[in-house]
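Novice: pasted the sequence and its predicted model underneath.
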Amino acid sequence: MKHLIFFLLVTSWVNTNLAQSEFEKERKKGEAVALEVEQQMGLVHVQAAEEMVKKIGNRLVAQIASNPYQFSFQIVDQADPNAFALPGGFVYVSRGLLMLLKNEDELAGVIGHEISHVMKQHSSNRQRKSVLPGILAVPAVVFGNTLGQGMGEKIAAPVLGASKAYLASYSRKQELEADELGIALAAKAGYQPLLLADILNRLEKFVKAETGQASRYSIFDDHPMTPDRMKAIREKAISLSVATAAPVAPSTFEFLSSFNQVMFGADPSQGIFNENVFLHPGLKMVWELPKDWTYFNEATMAGAVSPDQKTLVALKVAGRDRQIDTLIVKFVNNYYATTRKKPMLDTTLILPGRKGSEVVMPAKKKNEILFSVWFIKDGLTYAIVGSGTVDRLKEFEKISQTFRDLAATDYPLIQFRELLTVKSQSGESVVTLSKRTQNSAGPNMTLILNEISEGYNFKKDEPVKVILLKPYQMR
């Protein structure tokens, strides 16, 4: 009976009455969004890691009896642990997720979950969701066409930050359905279905350690019901028979080693924060922001939000240098068309090494302003935009005046971190192993990445994930 139920679960996903043209439409819809995802977020091209993800994905797809989709499996350049699928079979896992994996079965469970969303056509109705702070409910005109082309376009390559959009917006029922079908598919491919619950649990710990709070956004996180889902996964896993099949990787060490050299955390080539200082080696710029604010680095802008969430300042590449006057006029005219507000200040602001055109508009709310300063650097027009109360004007000007050219002395501040799996020595602790391997991850993060408890002593030749800190110039 178990085998019959299992067979029905895996083979009854697709409505065979659905016309092939509908699948083609779905594929085209997915292709358009996939192109945007890959342009804005970028893909990770570490050959061993790419091959591992693709082999596991293809093994899972091979178990589907009736499959109208041409699935693809890629690693997206996103530091946060995440996985998502687009209509038509485009499946992505983030490099941040790879950091948390302990074995092949966990990755199979994650990919199986995303395949199931596609097969059940959940992703056809997905909604894109920004993960910027709620303060971005400032006038939409500021962050739309009024600032010209976005950083994600070739005009500003490399862009300021990888996009963190495209998170699923699935219902509770759809998530549970994808869990159930995903682990069934994993079991049929020879993977332990129960281990999907393990990666969910580890992800929760990782996000809490990184942010000091429960889940923000991540792999299955639009509906924060992880304990319930882990319980449901464990209950369903008991009824599944696991097929006998050799793993893709000969050993756990070789599986984890396939992700060596994958970057951990922020990518300096897309701009990086060193405490409150934003540095971008590609655009050769430095910008200092207020301390203790919340910083963000997105595909279209970088900036910070005040602790009270009432003030925002953001930097954006607006266009070519020769477009500066046109861009400012467009900004003012579009803002006026939307709000019927005219500039309350139009003057010159002196920045290090350059002049800026300062334009301040009254906001819709009383005593609030929309600050902007426009300037040219290396053939591009930049805009720094601030939203807050009138008494923040001097602060906005001061923040803008910290923008300067990247100097040779700034490069030591630009570093990146890289994953490496090593073998432990008998009796080593996290502290002694970290010292021997030059592990830059703190003790708590090392415990989470390897799912070990405090005070644990390693046995000989255990695979252990460590994070190496390297100067940016080496890449």
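Specialist: Yep, it's here.

Novice: how about the strands in the stretch 201-350 of the chain?
Specialist: Secondary structure of the stretch 201-350 of the chain (DSSP state E, counting those that start in this stretch): strands at 263-264, 272-274, 277-280, 285-288, 294-297, 302-305, 312-320, 345-351.

Novice: grab the most central residue of this structure for me.
Specialist: The geometric centre of the chain, computed from its C-alpha atoms, lies nearest to Gln78 (C-alpha atoms, centre = their mean), at 3.5 Å.

Novice: kindly reformat the strands of the stretch 201-350 of the chain as JSON lines containing distance to Ala186.
Specialist: Heads up, the C-betas are built off the backbone N, CA and C, glycines and all. Listed next are the strands of the stretch 201-350 of the chain as JSON lines, based on distance: least, C-beta to C-beta, whole Å:
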{"stretch": "strand 263-264", "distance to Ala186": "26"}
{"stretch": "strand 272-274", "distance to Ala186": "36"}
{"stretch": "strand 277-280", "distance to Ala186": "41"}
{"stretch": "strand 285-288", "distance to Ala186": "45"}
{"stretch": "strand 294-297", "distance to Ala186": "34"}
{"stretch": "strand 302-305", "distance to Ala186": "39"}
{"stretch": "strand 312-320", "distance to Ala186": "42"}
{"stretch": "strand 345-351", "distance to Ala186": "55"}
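
Novice: nearest to Asp405, of the ones you listed?
Specialist: Distances from Asp405 to each of these were compared using C-beta to C-beta; the shortest belongs to strand 285-288, at 6.6 Å.

Novice: direction included, what does the closest one pair up with?
Specialist: Next to strand 285-288 in the sheet, as set by DSSP bridges, lie strand 277-280 (antiparallel), strand 404-405 (antiparallel).

Novice: looking at those strands, which is buried most?
Specialist: For those, average neighbour numbers computed from mean count of other C-beta atoms under 10 Å are highest in strand 277-280, which has a mean of 21.

Novice: residues making contact with it?
Specialist: With contacts defined as C-beta atoms under 8 Å, 6 or more residues apart in numbering, strand 277-280 is touched by 158, 160, 268, 270-273, 285-289, 295, 297, 302, 315, 406, 410, 413-414.

Novice: flag the shaky bits of the stretch 251-400 of the chain, pLDDT-wise.
Specialist: Judged by pLDDT under 70, the stretch 251-400 of the chain has its weakly predicted residues at 299.

Novice: same check on the stretch 101-250 of the chain?
Specialist: Looking along the stretch 101-250 of the chain with the criterion set at pLDDT under 70, you get 123-169, 210-226.

Novice: would you show me how to pick out the buried ones of the contacts of strand 277-280 in ChimeraX?
Specialist: To isolate in ChimeraX the members of these that are buried, counting by 16 or more other C-beta atoms under 10 Å, one can use:
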select :158,160,268,270,271,272,273,285,286,287,288,289,297,302,315,406,410,414
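
Novice: span of stretch 359-375 from start to end?
Specialist: The first and final residues of stretch 359-375 sit 12 Å from each other (C-alpha to C-alpha, to the nearest Å).

Novice: residues of that stretch that come out buried?
Specialist: By neighbour count, and taking 16+ other C-beta under 10 Å as the criterion, the buried residues in stretch 359-375 are 359-363, 368-375.

Novice: same thing with stretch 43-58?
Specialist: Taking 16+ other C-beta under 10 Å as the neighbour-count basis, stretch 43-58 is seen to contain the buried residues 44, 46, 49-50, 52-57.

Novice: check what contacts that stretch and list those residues.
Specialist: Taking C-beta under 8 Å, 6+ apart as the criterion, the residues outside stretch 43-58 that touch it are 71, 73-77, 91, 93, 95, 98, 104, 107-108, 111, 115, 248-249, 255, 257-263.

Novice: show me the helices in the stretch 101-250 of the chain, by range?
Specialist: Using DSSP state H, counting those that start in this stretch, the helices found in the stretch 101-250 of the chain span residues 104-119, 172-188, 195-211, 226-238.

Novice: which one of these lies closest to Leu327?
Specialist: Going by C-beta to C-beta, the one of the helices of the stretch 101-250 of the chain nearest Leu327 is helix 195-211, 35.7 Å.

Novice: the closest one vs helix 104-119, what angle?
Specialist: In terms of direction (axes from the mean of the first three to the mean of the last three C-alpha atoms, to 10 degrees), helix 195-211 departs from helix 104-119 by 100 degrees.

Novice: other SSEs contacting helix 195-211?
Specialist: Judged by 3 or more C-beta pairs under 8 Å, 6 or more residues apart in numbering; DSSP states H and E, the packing partners of helix 195-211 are helix 104-119, helix 172-188, helix 226-238, helix 443-450.
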